[in-house]
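K.L.:
Fold the stuff below for me.
(chains A and B)
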Amino acid sequence: MSTGQIKKLVTIKIKISHLIASICLLLGLLFVAGKTWAVEPYEIVTNSGVSEKTLSKNALRAIFGMRLHTWPDGSPIHVFVLPDEAPLHIAFSKEKLNVFPYQLRAAWDRLVFSGTGQAPETVASPEEMLAKVGSTPGAIGYLTRSRMDGSVNVLHVK
Amino acid sequence: MFYTSSNHIRRCLTREVIRLVVVSAVLSNCVAYAQKLPIPQNLPNNLQIHGFASQSWLKSTDNNNVFGKSSSDSGSFDFRELGLNASMRPKPNLQFSAQMLSRTAGKGSPGNIRLDYGFIDYAFLSEENSKMGIRLGRMKNPLGFYNDTRDVPFTRPSILLPQSIYFDRVRKVAIAADGVHLYGEYRFDHGVLSFQGGPVRPLVRGAEAEVALLGQGVPGHLDPDISYIGRISYELDEGRLRFAFSGTDLNINYDPASGDPLRAGSIRFTPLIFSAQYNAERWSFTSEYALRHFEYKNFGIAALNQDFFGESYYLQGVYRITPEWEAIARYDVLYTDSNDRSGKKWAAATGGDPHRRYAKDITVGLRWNVTPEFMLRAEYHRVHGTGWLSTLDNPNSGDLSPNWNLFSILGSYRF
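P.N.:
Numbering: from 1, shown residues only, chains lettered A, B, ... in the order given. So this is what the prediction gives:
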């Protein structure tokens, strides 16, 4: 092997290692960007008139997927959510429903724009969430513990 | 030739980008203003009203036109989608829904306002893990992953849906039908199994369907016959993995005019679509495969009486860079006749151009969610073949080039 060839090989090797380093850096950045900020402890809440205290994960997913419309006693369910980009909505979707917010939005859009279902009502803030869930019969939503009061019940997932 | 067309594209692009930025700035001001207005909540009977409006600009090379004169110097603005829907749920198991749609998309869709869907939905069984019901009226056809909401840009992965399966030149036949659907779902611990379907009457009146199915200048008209449609889907882990199998048995009769060279023939179209999707936090992979069986019978002309299978598939990857930015890449393939993939046999028999019988489309695109209600999109298609180009927008097949490019921008607002 001539010196020229060796030099070429070394340059290629350096280029490859640069490429690998850049890819690692990019992936690392993406990982950091992908991490969600931890939110305060929160609970699934219902209107104080709802008698259910526990619910299966299946039923919870079906309710927030807008496919289950009634409580076991036959009364209508009203679903309230925060905007898609709200940290509490992201945490609730991932941890309690095991879905990403974009999937929920896609599922609701499919229902709304094919006429086969309806969208949940979006509230702008935790204050509005408390006011709406506290005053709407059959309502379900989620709140951080520090925002809760006696107008809502905590619902546990079995 | 290539350089002049790419220069054209560049010049037009700059102009259009400026125009879109101005339009979007005005629109987002309107949106901000609208959000300050008291939007009525808690309407009676759970009434919900939603809608969307979108405008696209398309620029293609050579003489290949997509939605209007897109190959002209200034491109085409002839692609506009407006929709308004209302739904009412007076009781938890009863819903009324209707949507009005105006779609402008080249010569096939002149933008007239029409009923997109309108039906009554009654769930006669609803339990914690299962549901069953019936729908009566005009329903969207449950085909593949995207057909039900294909005119809503926010629900599509790209400006143009993969044309091998979601043909825009025969969309009326595919989009909706009048009839009865039975639907149901069962929720397992790790997934949801659902189905919907039933007997329907397809929407086949109008030049678009006639030209697409029989060619230009046919004096008679198409009449719908009883048809069947259905989809079964299984969603694992609330949509982490989605599978669907859908199909239709579409029956259309030909009603000849007086002195018509064609007889009272019939067309039977039975496409089967297999769909699969994987959704991770940042990635979504989607693939659909369709086998489309066409049977033309009793037209009295040997060239028209045909029986063949078409084949289509696409592979698509979407990457969510941030919640606001999304990138897409797709490879989409169409063979009009799977026994004549190069179109040579057809060309020898009819004297047509073989590239009218296939299309291979590589698409890359970007989506920018400016606000949750307003979105901008840009995409580029490199296409080999002209199989899905509309005859209405491209009346002279001889003008078409087998290798062509398409660039498009779309702005869309929803509420």
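
K.L.:
pretty sure residue A:158 contacts residue A:54?
P.N.:
Yes - counting by CB atoms under 8 Å, residue A:158 touches residue A:54, with 5.2 Å between them. Every C-beta, even on glycine, is put in place using the N, C-alpha and C of the backbone.

K.L.:
Tell me which helix or strand the closest residue to residue A:87 other than its chain neighbours sits in.
P.N.:
Residue nearest to residue A:87 in three dimensions, not counting chain neighbours: residue A:39, with 5.2 Å by CB to CB, 6 or more residues apart in numbering or on different chains. Under DSSP states H and E, no helix or strand contains residue A:39.

K.L.:
Run through the residues that contact the closest residue to chain B within chain A.
P.N.:
Relative to chain B, the nearest point of chain A is residue A:115 (3.1 Å; CB to the nearest CB). Counting by CB atoms under 8 Å, 6 or more residues apart in numbering or on different chains, residue A:115 touches B:85, B:87, B:95, B:97, B:98, B:99, B:117, B:118, B:119, B:121, B:139, B:140.

K.L.:
For it, give me phi and psi.
P.N.:
phi 80, psi 0 (degrees, to the nearest 10).

K.L.:
Report the secondary structure state of the spatially most central residue of chain A.
P.N.:
What sits nearest the mean C-alpha location of chain A, by CA atoms, centre = their mean, is residue A:93, with 2.5 Å. Secondary structure, DSSP: H, G, I helix; E, B strand; the rest coil: residue A:93 is helix.

K.L.:
That one contacts residue A:99, doesn't it?
P.N.:
Yes - counting by CB under 8 Å, residue A:99 is a contact partner of residue A:93 at 5.4 Å.

K.L.:
ok, back up a step: return the residues in contact with the residue nearest to the centre of chain A.
P.N.:
Taking CB under 8 Å, 6+ apart, one finds A:99, A:100, A:101, A:104 in contact with residue A:93.

K.L.:
swap the cut-off to 10 Å and go again
P.N.:
Taking CB atoms under 10 Å, 6 or more residues apart in numbering or on different chains, we find residue A:93 in contact with A:64, A:81, A:84, A:99, A:100, A:101, A:102, A:103, A:104, A:105, A:142, B:238.

K.L.:
so how far is residue B:44 from the residue lying closest to residue A:83 once chain neighbours are set aside?
P.N.:
The spatially closest residue to residue A:83, leaving aside those adjacent along the chain, is residue A:122, at 5.9 Å (CB to CB, 6+ apart). According to CB to CB, to the nearest Å, residue A:122 stands 19 Å off from residue B:44.

K.L.:
And the two? Which one has more around it.
P.N.:
Comparing residue A:122 with residue B:44 by other CB atoms under 10 Å in any protein chain shown, the one with more neighbours is residue A:122, at 18 against 7.

K.L.:
Quick check: end-to-end length of stretch B:338-351?
P.N.:
Using CA to CA, to the nearest Å, the end-to-end distance of stretch B:338-351 comes to 19 Å.

K.L.:
Chain neighbours aside, what residue packs nearest to residue B:59?
P.N.:
residue B:75 (3.6 Å).

K.L.:
who's whatever residue of chain B ends up closest to chain A bridged to?
P.N.:
The nearest approach of chain B to chain A comes at residue B:97, 3.1 Å away (CB to the nearest CB). Taking DSSP bridges as the rule, residue B:97 bridges to residue B:87, residue B:119.

K.L.:
Tell me who's in contact with the nearest residue in space to residue B:180 that is not next to it in sequence.
P.N.:
Leaving aside its sequence neighbours, residue B:180 sits nearest to residue B:198 (CB to CB, 6+ apart; 4.6 Å). Each residue near residue B:198 by CB under 10 Å, 6+ apart is listed here: B:134-136, B:139, B:142, B:177, B:179-183, B:228-230.

K.L.:
if we go to 8 Å?
P.N.:
B:179, B:180, B:181, B:182, B:228, B:229, B:230.

K.L.:
would you say it is within a helix?
P.N.:
No - according to three-state DSSP, the state of residue B:198 is strand, so it is not within a helix.

K.L.:
just so I have it, where are all the helices in chain A?
P.N.:
A:3-34, A:57-64, A:87-96, A:101-114, A:126-135 (DSSP state H).

K.L.:
Go ahead and name everything in contact with the last one.
P.N.:
It refers to helix A:126-135. A:45-48, A:80, A:82, A:88, A:121, A:123, A:139-144, A:147-149, A:151-152.

K.L.:
For residue 76, which residues are in contact?
P.N.:
Just going to use chain A. Counted by CB under 8 Å, 6+ apart, residue A:76 has contacts A:69, A:70, A:138, B:91, B:92.

K.L.:
Let me rephrase: I mean chain B.
P.N.:
Applying CB under 8 Å, 6+ apart, the residues near residue B:76 are B:57, B:58, B:59, B:65, B:66, B:67, B:68, B:69, B:70, B:106.

K.L.:
ok, the residue nearest to residue B:59 touching residue B:57?
P.N.:
Yes - using CB under 8 Å, residue B:75 is in contact with residue B:57, at 5.5 Å.

K.L.:
Could you double-check that residue B:242 sits in contact with residue B:235?
P.N.:
Yes - Residue B:242 is in contact with residue B:235 according to CB under 8 Å; the separation is 5.0 Å.

K.L.:
For the residue nearest to residue B:180, give its distance to residue B:229.
P.N.:
Taking CB to CB, one finds residue B:198 at 7 Å from residue B:229.

K.L.:
for residue B:55, same thing?
P.N.:
31 Å.

K.L.:
Those two: which has the busier surroundings?
P.N.:
More crowded of residue B:55 and residue B:229, by other CB under 10 Å: residue B:229, with 23 against 18.

K.L.:
Now do the contacts for the more buried one.
P.N.:
B:141, B:142, B:143, B:177, B:197, B:198, B:200, B:246, B:247, B:248, B:249, B:250.

K.L.:
Repeat that for residue A:57.
P.N.:
A:157, A:158.

K.L.:
same thing but at 6 Å, please
P.N.:
Residues near residue A:57 by CB atoms under 6 Å, 6 or more residues apart in numbering or on different chains: residue A:157.

K.L.:
Please report how far residue A:120 lies from residue A:93.
P.N.:
12 Å.

K.L.:
if we can go back for a sec, now the contacts of residue A:76: which count as buried?
P.N.:
With burial judged by 16 or more other CB atoms under 10 Å in any protein chain shown, the buried subset of the contacts of residue A:76 is A:69, A:70, A:138, B:92.

K.L.:
Got phi/psi on the third one?
P.N.:
Backbone torsions of residue A:138, given as degrees, to the nearest 10, read phi 80, psi 10.

K.L.:
Please apply the same query to the first one.
P.N.:
Dihedral angles phi and psi of residue A:69 (degrees, to the nearest 10) take the values phi -110, psi -10.

K.L.:
Give me the distance between it and residue B:114.
P.N.:
30 Å.

K.L.:
Ok, residue B:340 next?
P.N.:
Using CB to CB, one gets 36 Å for the distance from residue B:340 to residue B:114.

K.L.:
More neighbours: which of these two?
P.N.:
residue B:340 (18 against 13).

K.L.:
ok, back up a step: farthest-apart pair in the contacts of residue A:115, please.
P.N.:
The most widely separated members of those, counting by CB to CB, are B:95 and B:140 (14.4 Å).

K.L.:
Helix, strand, or coil at residue B:104?
P.N.:
strand.

K.L.:
can you tell if stretch B:139-156 touches chain A?
P.N.:
Yes - using CB under 6 Å from any CB of the partner chain, stretch B:139-156 reaches chain A at B:140, B:148, B:149, B:152, B:155.

K.L.:
tell me which residues in the helix or strand harbouring residue B:276 are buried?
P.N.:
For residue B:276, the host element (DSSP H and E) is strand B:266-279. By 16+ other CB under 10 Å, the buried positions in strand B:266-279 come out as B:266, B:267, B:268, B:269, B:270, B:271, B:273, B:274, B:275, B:277, B:279.
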